[in-house]
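Chemist: Quick one: sequence plus predicted model below, questions after.
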Amino acid sequence: MMRSFFNAVTGLNAYRTWLDITADNMANVNTIGFKGSRPIFQDMVSSVVTGINTVTNTMKSTTYGAGVVVDSTQKLWTIGNFKQTGVNTDLAIQGRGLFILKDATSNVQYYTRDGEFRLSKSGFMVNSAGLKLQGFKVNERGEIVGTGLEDIHVVSQLPPKATDQIKFLGPTNLNADATIPAVAFDPNNPTSYNYKYTITIYDSLGTPYQADIFFRKSGTNTWEIYLRADIDPNTQGYELSGSWTNVQFDNSGSLKYDNNVILREPSPDGRNFYYYLNPGGLTVPTTTPSGGSFPPSTNWRIYVGESLQSANINVGSSIPNSYITQFSADFTATAEQNGYQKGDLVDIYVLSEDGAVVGVYSNGKSLPLYRVAIAVFSDPEELVKKGANLYTSISTPTIMTPGGAEKIRSGMLEMSNVDIASEFINLISAQRAYQANTRVITSSNTVLEDTINLIR
């Protein structure tokens, strides 16, 4: 029997497979995050006869082909166009990473480029199948505090939090031209201090109280700072009080770090130092009239500055990026505190670039809760399609937070990367190749008929 018959049949099978792949690509032209595929054709050889030309002393060979086979399909991982949706929980990845999803029932981990997420009734970020988006838990500063991947869960109600931190912000300036008060400090005597700033603090039940911060000049480039709060209107005097003496500035108006009045502690990531006034001498009541309480005095922090290079700052040196300065200008104070009342969830959004999931609550707080996790595979062909825009893999990917080469784009979705024009060309090419192989079978049949007719 002629080889051409069988070779042509392999061509029919291969190009029918190409038609199937092309049809699948075109059917998913509007599937979010879909990655098109292409066939990998390989030739087959039935036998090879080799020999040496004795005249020219060169190698020669005769190859008998056995047709073609589709060895595998290759996924095309080019990034599709981004479509802006305006939905806060729609996400796209600018890069080659994938979102990580977890099936709570089977505990199986899946990967996807489809960023159509929503907030479930229970407050989890899920896809259309209810699989939970994975991320890293963060604190209020946006620093990762969890030890591994977690289901991204947005609490619908934010419980109240007692104030234990006050942070000075820019602009905060103490007037270098101020005079030293002639009388001892008395919060009820305006002539005993130079400036007063009022801030609202909260106890553990979310009850608000007014706290006063007093600034009193005590010498050249030296200040005293007092914190006072009258939390019980039925009791005369201040129940919350603290004082810091000998807060020093250098001649350039920068705050100095002295390891006594102004301390520092490392941030959770170990890369920053936060400078704060020594809370020693701060008197905090154990209970408040509303039945709430404040944290113990040893837990209070009054931050005055942060610096990425603060590890190089020695005792007596100025603090770069300090939020308190001393210039010959008007008094200005700006501060914020970390306590708040109970809040109900109003909205949720995801920050572009770093993928921080932020909850917006009715008490005015916008808190980062998680950062979306990104999985990156060194060889994307390790991923196995499971349908529903999902992949699995037996290999362990690199898990990272967005940023750098892998960025999150919120309010956007990545469209299919299928190019209709290219797929039409593939469709025509596959069709013509299939037709050509059918002609080979017809021609081979004609040759056989002619051979049989030789004996007639």
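Modeler: Received the coordinates, thanks. Residues are numbered from 1 along each chain as shown.

Chemist: rest of the way, CA atoms for contacts and neighbours
Modeler: Will do.

Chemist: I166 contacts T334, doesn't it?
Modeler: No - if you go by CA atoms under 8 Å, I166 and T334 don't touch, sitting 10.4 Å apart.

Chemist: What is the neighbour count of Y195?
Modeler: Residues contacting Y195 under the criterion other CA atoms under 10 Å number 19.

Chemist: So N426: helix, strand or coil?
Modeler: helix (DSSP: H, G, I helix; E, B strand; the rest coil).

Chemist: Can you tell me how far it is from N81?
Modeler: 21 Å (CA to CA, to the nearest Å).

Chemist: Of the two, give the one with the bigger neighbour count.
Modeler: N426 (18 against 14).

Chemist: For that one, which non-adjacent residue is closest in space?
Modeler: T22 (7.0 Å; CA to CA, 6 or more residues apart in numbering).

Chemist: which residues are in contact with the helix or strand where that neighbour lies?
Modeler: Using DSSP states H and E, T22 falls within helix 3-27. The contact list for helix 3-27, computed with CA atoms under 8 Å, 6 or more residues apart in numbering, reads 36-39, 41, 65-70, 418, 420, 423, 426-427, 430-431, 433-434, 437-438, 440-441, 444.

Chemist: which of the residues in it are buried?
Modeler: 4-5, 7-19, 21-23, 25-26 (16 or more other CA atoms under 10 Å).

Chemist: Stretch 355-375 too?
Modeler: 355-361, 365-375.

Chemist: ok, now stretch 283-300?
Modeler: By neighbour count with 16+ other CA under 10 Å, stretch 283-300 contains the buried residues T283, V284, P285, T288, G292, S293, F294, P295, S297, W300.

Chemist: so what's the fourth one up against?
Modeler: If a contact means CA under 8 Å, 6+ apart, then T288 has D203, I231, D232 as its contacts.

Chemist: so where is this structure shaky, pLDDT-wise?
Modeler: Across the chain, the ranges flagged by pLDDT under 70 are 1, 268-269, 307-312, 456.

Chemist: any idea how far E150 is from the residue nearest in space to the middle of it?
Modeler: In the chain, the residue lying closest to the centroid (CA atoms, centre = their mean) is G355, at 2.8 Å. Noted for G355: a distance of 15 Å to E150, by CA to CA.

Chemist: swap in V304?
Modeler: 33 Å.

Chemist: Equivalent analysis for A23, please.
Modeler: Going from A23 to E150 by CA to CA gives 38 Å.

Chemist: Equivalent analysis for I452, please.
Modeler: Distance from I452 to E150, by CA to CA: 75 Å.

Chemist: between the two, which one's more packed in?
Modeler: When neighbours are counted by other CA under 10 Å, I452 and E150 differ, and E150 comes out ahead with 17 against 10.

Chemist: Just grab the bridge partners of the more buried one for me.
Modeler: For E150, the beta-bridge partners are G135 (DSSP bridges).

Chemist: before we move on, what about R301?
Modeler: For R301, the beta-bridge partners under DSSP bridges are Q165.

Chemist: Next, count neighbours for it.
Modeler: When counting by other CA under 10 Å, one arrives at 20 neighbours for R301.

Chemist: now swap in the one 4 residues further on and tell me
Modeler: The criterion is other CA under 10 Å. On that basis, G305 has 22 neighbouring residues.

Chemist: which residues touch it?
Modeler: F168, Y274, Y275, Y276, I319, P320, N321, S322, Y323, I324.

Chemist: now the second one: how far from G142?
Modeler: Between Y274 and G142 the distance is 15 Å, computed by CA to CA.

Chemist: same question, the third one
Modeler: In this structure, Y275 and G142 are 18 Å apart, going by CA to CA.

Chemist: cool, the first one as well?
Modeler: Taking CA to CA as the measure, F168 falls 19 Å from G142.

Chemist: All the helices of the chain, residue numbers only.
Modeler: Taking DSSP state H as the criterion, the chain carries its helices at 3-27, 420-452.

Chemist: can you list the ones you listed in CSV and add distance to L119?
Modeler: Below are those laid out as CSV (distance: least, CA to CA, whole Å):
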stretch, distance to L119
helix 3-27, 29
helix 420-452, 34
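
Chemist: I'd like to know which of these is closest to A178.
Modeler: helix 420-452 (73.8 Å; CA to CA).

Chemist: Give the buried residues for that closest one.
Modeler: Those would be E423, N426, L427, A430, Q431, A433, Y434, N437, T438, V440, I441, S444, for helix 420-452 by 16+ other CA under 10 Å.

Chemist: and the last one, what does it touch?
Modeler: The contact partners of S444, taken as CA under 8 Å, 6+ apart, are M2, S4, F5.

Chemist: Also the fourth one?
Modeler: Contacts for A430 were tallied using CA under 8 Å, 6+ apart; they are Y15, R16, W18, L19.

Chemist: what would the residues you listed look like in TSV with distance to G403?
Modeler: Output for the contacts of A430, formatted as TSV (distance: CA to CA, whole Å):
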residue	distance to G403
Y15	43
R16	43
W18	38
L19	39
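
Chemist: correct me, but K35 touches T73?
Modeler: No - judged on CA under 8 Å, K35 makes no contact with T73 at a distance of 11.9 Å.

Chemist: more crowded one of these two?
Modeler: K35 (22 against 16).

Chemist: Contacts only, for R409.
Modeler: With contact taken as CA under 8 Å, 6+ apart, R409 is in contact with L91, A92, I93, Q94, L351, S352, E353, G355.

Chemist: likewise Y257?
Modeler: Y257 sits next to L263, I313, N314, V315, G316, S317, S318, I319 when contact means CA under 8 Å, 6+ apart.

Chemist: Distance of it relative to M412?
Modeler: From Y257 to M412 the distance is 46 Å (CA to CA).

Chemist: so where do the strands sit in the stretch 101-250 of the chain?
Modeler: Using DSSP state E, counting those that start in this stretch, the strands of the stretch 101-250 of the chain run over 109-112, 118-119, 125-126, 132-137, 150-151, 157-158, 165-168, 195-202, 208-219, 222-229, 240-248.
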